[in-house]
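here is my input, please return the structure:
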Amino acid sequence: MKKMIITALALMVTVAIHTNAQNKGSNYQTALGVKFYPGAGITLKHFVKKDAALEGIGYFWNDGMRITGLYEFHGGISGAPGLKWYAGPGAHIGFWNDKYWKREYGFVRRGNAIIGIDGVLGLDYKFKGAPINMSLDWQPSYEFGNYGGFYGNWGGFAIRYTFN
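Predicted structure coming up:
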């Protein structure tokens, strides 16, 4: 996991050095970075409209991985330039290893993939004068199938490099 985080940070620094499209204002179009909790993930966020964005997140941790796609509605917060609230729907697919199933349920499950739907509610801040964006959100989800159900422990803190 440390190797993945170091690689992602190195990629962000390389892109930052070589790009001429740095966004210095309070808004941005695309951002790439890392998201923490649970585990660590890579996040790419792209605005498709002034007030709507698509976000893809790849989470990786010792028990497996989870790929999530979100459609986020954004709104400004009066008196706070660069700060926006966001909320929206999404979906995910996860892959858990045998150690997870053995530890949590006492047996190894055939087929380690699971799908689910997500929601997201959070705050997004773009630093004026720097190509940096940060967000903090809660991402409840519902997984389908055996041993699925509601999970309220997803979400996290992201830091991203922004592009126009």
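
what segments of the protein are strands?
30-36, 40-49, 52-61, 64-76, 83-96, 113-126, 132-138, 141-143, 149-151, 155-163 (DSSP state E).

so which of the ones you listed is nearest Gly106?
Closest approach to Gly106 among the strands of the chain (Cβ to Cβ): strand 83-96, 14.4 Å. (C-beta placed from N, C-alpha, C; glycine too.)

compute the inter-axis angle for the closest one and strand 132-138.
70 degrees (axes from the mean of the first three to the mean of the last three Cα atoms, to 10 degrees).

the inter-axis angle of strand 83-96 versus strand 40-49?
Going by the same axes, to 10 degrees, strand 83-96 makes 130 degrees with strand 40-49.

now do strand 83-96: everything it contacts.
With contact meaning Cβ atoms under 8 Å, 6 or more residues apart in numbering, strand 83-96 is reached by 53, 55, 63-77, 112-125, 135, 137, 139, 141, 143.

7 Å instead?
With Cβ atoms under 7 Å, 6 or more residues apart in numbering as the contact definition, strand 83-96 has outside contacts at 63-77, 112-125, 141.

setting aside sequence neighbours, what's the nearest residue to Tyr105?
Tyr147 (6.5 Å; Cβ to Cβ, 6 or more residues apart in numbering).

can you give me the pLDDT of Pro140?
Looking at Pro140, its pLDDT reads 96.

I'm done for today, thanks for sticking with me.
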